[in-house]
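In: sequence first, predicted coordinates after that:
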Amino acid sequence: MPGKRPHRGATLNHESGRFNLPTTVEDGDWLDAQDAIDGAPPARRTTVTVEHPRTIISRNISPDIGFDRSINPYRGCEHGCIYCFARPTHAFHDLSPGLDFESRLFAKPDAAALLRAELAKSGYEAKPIALGTNTDPYQPIEADWRITRGIVEVLGETSHPLTITTKSDRVLRDLDLLAPMAAKGVAAVTVSVTSLDPKIAMTLEPRAPHPERRLTAVRRLADAGVPVHVSIAPVIPAITDHEMEHIVERAAEAGARGVFFLPVRLPYEVAPLFRAWLDTHFPDRAGKVMATIRSLRGGRDNDPDFFTRMRGEGPWADLMQTRFRLACRKHGLGRERIVLRTDLFGAPRGPQGELF
């Protein structure tokens, strides 16, 4: 059985198998040796590698996603959420989607400069840029690297529409930038709250802020005039689904304008990692959890098809939708769409902008 690692989400660090990569091993330094003597699993310290991409805006044409462009300031995420659908991207770097994903991170310090250059190009058409679509832009290393803040500064300067998704109250550090943008109608934030139970949250998302801190962030954003929504994503059967109504209630009390939920998704390497996590932390209900997930996903661990991947199908999906709809009606919330202005955008000026 895989072992627990303090303050980490994944219990494994196996290679993905999709790209014939070698198995990832521990660092092998003296701290790992000490852990071996003490009988504990080797410690995993976070390392950050600087990445210098040529461009910073990623684009997609997925018909079931409400944006066509996004920015990821970081690769990998120290929050360590076991269910994270971005984990498989670490295999592209010859790294494990398991522990490597949450401990061997990549940062893009040139992001703001690259963004400024891309926004200054002739013919650029402004549409909302999404932050937090792959890994969290306010994960712990943002406190030192401040890459996300640099991106928000550029978008604020140019009145470019921006949406942020995060499960961290660190977003409040940029409230001085977000509030004026929201006043113009060009910024909105979604805060993810998966569970209100600290023990479950700590197991699911070991390095993410406490759920109460996230709800406090919702309140402070709302009080500052920033349109804020709450995402109950993912909902995990027999682990967190019983909390859905309570989270909707707390979101309404905190001042959220809307709320939505997504059933858990287990693409590629996430499925075996999730199964191992269940065996370690919830062995009493692991079979029930996976059986229900397969019921939601047409008999598979994961459904990659557009539209159904976001809502699931079958009796369990219908039940979740009904419960969610009734809870929203009771507390006066719904899936209010985020609509941001695009007509205020002005291309950046200055030495870099004048090159284009």
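Out: All right, it came through fine.
In: buried set for stretch 234-246?
Out: Judged by neighbour count using 16 or more other CB atoms under 10 Å, the buried positions of stretch 234-246 are 234-241, 243-245. Every C-beta, even on glycine, is put in place using the N, C-alpha and C of the backbone.
In: whoops, I mixed them up, stretch 259-272
Out: By neighbour count with 16+ other CB under 10 Å, stretch 259-272 contains the buried residues 259-266, 268-272.
In: how about the helices of the stretch 151-300 of the chain, start to end?
Out: Taking DSSP state H, counting those that start in this stretch as the test, the helices found in the stretch 151-300 of the chain are 175-184, 198-204, 211-223, 244-254, 270-281, 286-296.
In: which of the buried residues of stretch 259-272 lies closest to residue 94?
Out: Distance ranking of the buried residues of stretch 259-272 against residue 94, using CB to CB, places residue 269 first at 13.6 Å.
In: so for residue 61, what's the pLDDT?
Out: On pLDDT, residue 61 comes in at 88.
In: ok, and the closest non-adjacent residue to it?
Out: residue 68 (7.0 Å; CB to CB, 6 or more residues apart in numbering).
In: wait, the one you found touches residue 127, no?
Out: Yes: the pair residue 68 / residue 127 is scored as a contact, 6.2 Å apart, by CB atoms under 8 Å.
In: if we can go back for a sec, the buried residues of stretch 259-272 into a markdown table, with extra columns for distance to residue 179 and pLDDT?
Out: A markdown table is the format used below for the buried residues of stretch 259-272 (distance: CB to CB, whole Å; pLDDT from 0 to 100):
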| residue | distance to residue 179 | pLDDT |
| --- | --- | --- |
| 259 | 22 | 96 |
| 260 | 24 | 95 |
| 261 | 27 | 96 |
| 262 | 28 | 95 |
| 263 | 33 | 96 |
| 264 | 34 | 97 |
| 265 | 33 | 95 |
| 266 | 37 | 96 |
| 268 | 39 | 91 |
| 269 | 39 | 93 |
| 270 | 36 | 95 |
| 271 | 41 | 95 |
| 272 | 43 | 95 |
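In: which strand is the longest one in this protein?
Out: For the chain, the strand that runs over the most residues, judged by DSSP state E, is strand 228-235.
In: shaky segments in the stretch 1-150 of the chain?
Out: For the stretch 1-150 of the chain, the stretches flagged by pLDDT under 70 are 1-6, 14-43.
In: in it, which spans are helices?
Out: With DSSP H, counting those that start in this stretch, the ranges of helices along the stretch 1-150 of the chain come out as 30-38, 99-103, 111-119, 142-145, 147-157.
In: what's the angle between the last one and helix 111-119?
Out: So that's helix 147-157. Helix 147-157 and helix 111-119 are oriented at 30 degrees to each other (axes from the mean of the first three to the mean of the last three CA atoms, to 10 degrees).
In: spit out the contact partners of the residue nearest to residue 61.
Out: Neighbouring residues of residue 68 by CB atoms under 8 Å, 6 or more residues apart in numbering: 59-61, 127.
In: no more questions from me, cheers.
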